[in-house]
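Chemist: Curious how this folds, go ahead:
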Amino acid sequence: MEAMIPTEPIGSVPRSAHLMAQVTAHGAGSASPQALEAEYAAAVKDTVQRFEQTGSPIITDGEQRKPSFATYPLHGATNLAPDGVVIPFADGHTRQLPRLAAGPFRYTQRAATYLAEARQLTKLPVKQAVISASALSLLYPQQEIPGYPREQFMQDLVREAEADIRACLDGGAHCVQVDFTEARLSLKLDPSGGLLRSFIQLNNQVFDRFTTEERRRIGVHVCPGGDRDSTHSADVDYGALLPLLFTLNVGNFYVQLASEPDRARVLALLGQYATGGRRIFIGVTDPINPTVETPEQVRDLVLEAARYIPPAQLGTTDDCGFSPFGDDTSTARDTAFAKIRARVEGTRMASETLRA
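Modeler: All right, here's what the predicted structure looks like:
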């Protein structure tokens, strides 16, 4: 019998040690492109197989080939400079985006290529994560690029973001998840909400290019960041984010919850937006906590959520990706898959309880 409550991963899992070593060797010039390609292919195959072993009904490629969940579309682009926006994390480390140094803005890599490889390796449905247009909008510098005004950049950005999503839908993705981790961070940078509103307006320009039926297969993921066991915006109140978040014109919302200190309050807020055809996937595993949740803990959280969100509109997921940046080794690969297995089993247990 099909589970009443669907469960999906967010995207990334930690890269294998062999892959990380090969990437480092290739960067140092001591490994050939062919050797690196072979290691990528092996890592994707192993990831798909391990996802299947967890019992997960929906899988991903674990983003094994993405150097970063945020900048994969521009990998290898020659019109970027390294001194872009800096994102600080709570533990003191930072990530820095590149800066667009010259136009035009074009994707050099589309997520559909990752999807195609994974689909060849499994009969299970595969979801695909893509980066939001709003995140990539941060690449344009404050000072206008000569000969390439911001207005032209924004038009190109919307077109490219649409094409990335559409190629995945056309390529047979079960669903396409748009990573919008900068949503919560934007409220830290601009508590007035002006920056968040501009992000949402931009993303809706992309979503509005799709039909109602297509938008049922598109979702948005929000979290306070998760890199090297640290976050960038966990101190931002969900109460300020959710009313604006749910103005996005998509059918699915993937919301970090397992690591929230006051889950009942957040669930009550989420319940207000469980309307229409929306599906709200709540995070039931915390990727930056090394302790593996038990299926029983997941079950209990799902049953708690079902008191606020109708089961027909409820789903489960992980709080965020386990390794959204390619060099993040803070979480063991085995730990990630153990958490995924607990999510799958705990969701099944909760579904059975709710059906009883």
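
Chemist: Please report how far M154 lies from N203.
Modeler: 12 Å (C-beta to C-beta, to the nearest Å). Any C-beta I mention is one placed from the backbone N, CA and C, and that applies to glycine too.

Chemist: With neighbour numbers in mind, choose between these two.
Modeler: N203 (25 against 16; other C-beta atoms under 10 Å).

Chemist: Tell me the helices and strands packed up against the helix or strand where that one lies.
Modeler: Secondary structure assignment for N203, by DSSP states H and E: helix 194-207. Counting contacts by 3 or more C-beta pairs under 8 Å, 6 or more residues apart in numbering; DSSP states H and E, helix 194-207 packs against helix 133-137, helix 150-170, helix 182-189, helix 238-245.

Chemist: Mind putting these into JSON lines with mean pLDDT and distance to G283?
Modeler: Shown next, in JSON lines, are those (pLDDT from 0 to 100; distance: least, C-beta to C-beta, whole Å):
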{"stretch": "helix 133-137", "mean pLDDT": "97", "distance to G283": "19"}
{"stretch": "helix 150-170", "mean pLDDT": "98", "distance to G283": "22"}
{"stretch": "helix 182-189", "mean pLDDT": "92", "distance to G283": "13"}
{"stretch": "helix 238-245", "mean pLDDT": "94", "distance to G283": "12"}
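
Chemist: A332: which of those is closest?
Modeler: Nearest to A332, of all the helices and strands packed on helix 194-207, is helix 182-189, at 26.3 Å by C-beta to C-beta.

Chemist: Now the closest one - C-alpha only, CSV.
Modeler: Output of helix 182-189 as CSV, limited to C-alpha atoms (Å, rounded to 0.1, in the frame of the first residue of the first chain):
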residue,chain,number,x,y,z
GLU,A,182,18.9,32.9,1.2
ALA,A,183,15.2,33.5,2.2
ARG,A,184,15.8,33.4,5.9
LEU,A,185,19.2,35.0,5.6
SER,A,186,17.7,38.0,3.8
LEU,A,187,15.7,38.8,6.9
LYS,A,188,19.0,38.9,8.9
LEU,A,189,20.5,41.3,6.4
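
Chemist: For that helix, report the contacting residues that lie outside it.
Modeler: Helix 182-189 is contacted from outside by 87, 132, 134-135, 138, 193, 195-196, 199-200, 222-225, 232-233, 235-237, 240-241, 245, using C-beta atoms under 8 Å, 6 or more residues apart in numbering.

Chemist: what residues does the lengthiest helix in the chain touch?
Modeler: Longest helix in the chain by number of residues (criterion: DSSP state H): helix 333-355. Contact partners of helix 333-355, identified using C-beta under 8 Å, 6+ apart, comprise 3-5, 7, 9, 13-17, 50-51, 53-57, 284-285, 287, 290, 292-299, 301-303, 306, 311, 316-318, 322-323.

Chemist: distance of D300 from D262?
Modeler: 16 Å.

Chemist: Between these two, which is the more surrounded one?
Modeler: D300 (16 against 9).

Chemist: Quick one: the helices in this protein, in order.
Modeler: Going by DSSP H, the chain shows helices at 17-27, 33-53, 112-119, 133-137, 150-170, 182-189, 194-207, 212-215, 238-245, 263-272, 295-305, 333-355.

Chemist: Of those helices, which is nearest D327?
Modeler: helix 17-27 (7.6 Å).

Chemist: give me the beta-bridge partners of the spatially most central residue of the chain?
Modeler: For the chain, D179 is the residue whose C-alpha lies nearest the centre (C-alpha atoms, centre = their mean; 4.0 Å). With DSSP bridges as the criterion, D179 is bridged to I131, H221.

Chemist: ok, now which ones touch it?
Modeler: Counting by C-beta under 8 Å, 6+ apart, D179 has contacts 11, 69-70, 129-132, 135, 221, 321, 324.

Chemist: which one in the residues you listed is the model shakiest on?
Modeler: pLDDT is lowest at P324 among the contacts of D179; the value there is 80.

Chemist: Quick one: neighbours of the closest residue to A90 other than its chain neighbours, just the number.
Modeler: Nearest residue to A90, sequence neighbours excluded (C-beta to C-beta, 6 or more residues apart in numbering): S230, at 5.0 Å. Neighbours of S230 under the rule other C-beta under 10 Å: 17.

Chemist: residues in contact with S230?
Modeler: For S230, the contacting residues are 89-91, 93, 288, by C-beta under 8 Å, 6+ apart.
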